[in-house]
Every structure is written in structure tokens, then in C-alpha cells.
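Enquirer: fold the following.
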Amino acid sequence: MEKIILKKKDERFVNEFNWGKLIWYANKKLGNSESITIGKCIIKPNQSNPLHFHPDCYEILIVEKGKILHIDGEGNEILLEEGDTITIPEKLPHKAKNITDEEVVLTIVFSKGERKSIEL
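Expert: The predicted structure is shown next:
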């Protein structure tokens with residue numbers, strides 16, 4: 001029988017970058033999910049994360065605050081505003097660009113507990 005796993009806020013894992021940060025709440029590395037990854041992506045004003053793809057899982061982005069342009073590997077752009085959700089298939093190159101003068105906050109969900117990300 002599986003059990004409930006509690007992670008306190010100080011047990012989160014944070015990756016800092018020059019463009020922003022990723023905050024991880026649930027995944028295999030944290031020990032509280034074998035089958036899903038959940039986190040937040042915070043992108044600084046007028047910045048973007050690098051073009052990348054996930055070879056082994058799909059990703060869902062939910063815009064919690066701000067506006068982004070979601071850009072795929074061919075340069076196609078989709079405008080996303082607060083409350084919008086996008087599902088990104090595995091292996092599709094993509095990045096998110098903050099088009100505002102304030103931080104953008106995205107909830108991110110991956111279909112694996114140990115997601116892979118490859119920068120292009």
C-alpha cells in the first residue's frame with residue numbers, strides 16, 4: 001500500500017539561471033513522485049529560457065502571472081496570457097519568452113517523475 005508523502009516548503013529544489021529559475025515541488029529526485037514532475041518556472045522580464053526539448057515526456061504549461069510567447073523550433077509563436085494552458089508533445093523544441101516588464105510565473109507539469117531536458 002502506498003503512503004502519503006509530505007514535502008515542506010524548505011524541501012523544494014530550486015535551479016537558478018540568468019533568465020529566471022525553476023522550482024521543483026514533486027519528482028523522482030525529491031522522492032515524492034515516480035510518475036509526474038510538478039514545478040514553477042519564473043522568467044525574468046524580457047527574458048526567455050533556452051530552446052530545448054524533452055525526449056521522453058510531454059509538458060503542460062499554465063500561465064499563472066504575465067504573458068509569454070511560446071516559440072517552437074521552427075519559430076512559430078503562440079501568445080499565452082494568464083490562465084492559458086499549453087500542452088507540448090515530447091521531442092518538440094520550444095522555449096518561453098517573457099514579453100512583459102514583470103516576472104512571469106508558469107506552473108509546469110511533466111508526464112514523468114524523472115524528466116530529461118536537452119538544450120539546442
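Enquirer: from here on, just use CA atoms for contacts and neighbour counts.
Expert: Fine.
Enquirer: quick check: next helix or strand after the one helix or strand residue 64 maps to?
Expert: Assigning secondary structure by DSSP states H and E places residue 64 in strand 59-65. Going down the chain from strand 59-65, the next helix or strand is strand 67-72, by DSSP H and E.
Enquirer: after that next one, next one along is what?
Expert: Assigned by DSSP H and E, the successor of strand 67-72 is strand 77-81.
Enquirer: next, the angle strand 67-72 makes with that next one.
Expert: Note on geometry: by axes from the mean of the first three to the mean of the last three CA atoms, to 10 degrees, strand 77-81 and strand 67-72 are set 150 degrees apart in direction.
Enquirer: name the residues of strand 77-81 that are buried.
Expert: 77, 80-81 (16 or more other CA atoms under 10 Å).
Enquirer: which of these sits closest to residue 100?
Expert: residue 81 (10.8 Å; CA to CA).
Enquirer: shouldn't that closest one be in contact with residue 66?
Expert: Yes. Under the criterion of CA atoms under 8 Å, residue 81 is in contact with residue 66, at a separation of 6.2 Å.
Enquirer: could I get the full set of strands for this protein?
Expert: 13-16, 20-26, 37-43, 52-53, 59-65, 67-72, 77-81, 85-88, 94-98, 104-110, 118-119 (DSSP state E).
Enquirer: for the first one, list the C-alpha coordinates in CSV.
Expert: It stands for strand 13-16. Output in CSV follows, covering the C-alpha atoms of strand 13-16 (Å, rounded to 0.1, in the frame of the first residue of the first chain):
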residue,chain,number,x,y,z
PHE,A,13,14.6,22.1,-5.1
VAL,A,14,15.5,25.4,-7.0
ASN,A,15,17.6,25.8,-10.2
GLU,A,16,18.7,29.4,-10.7
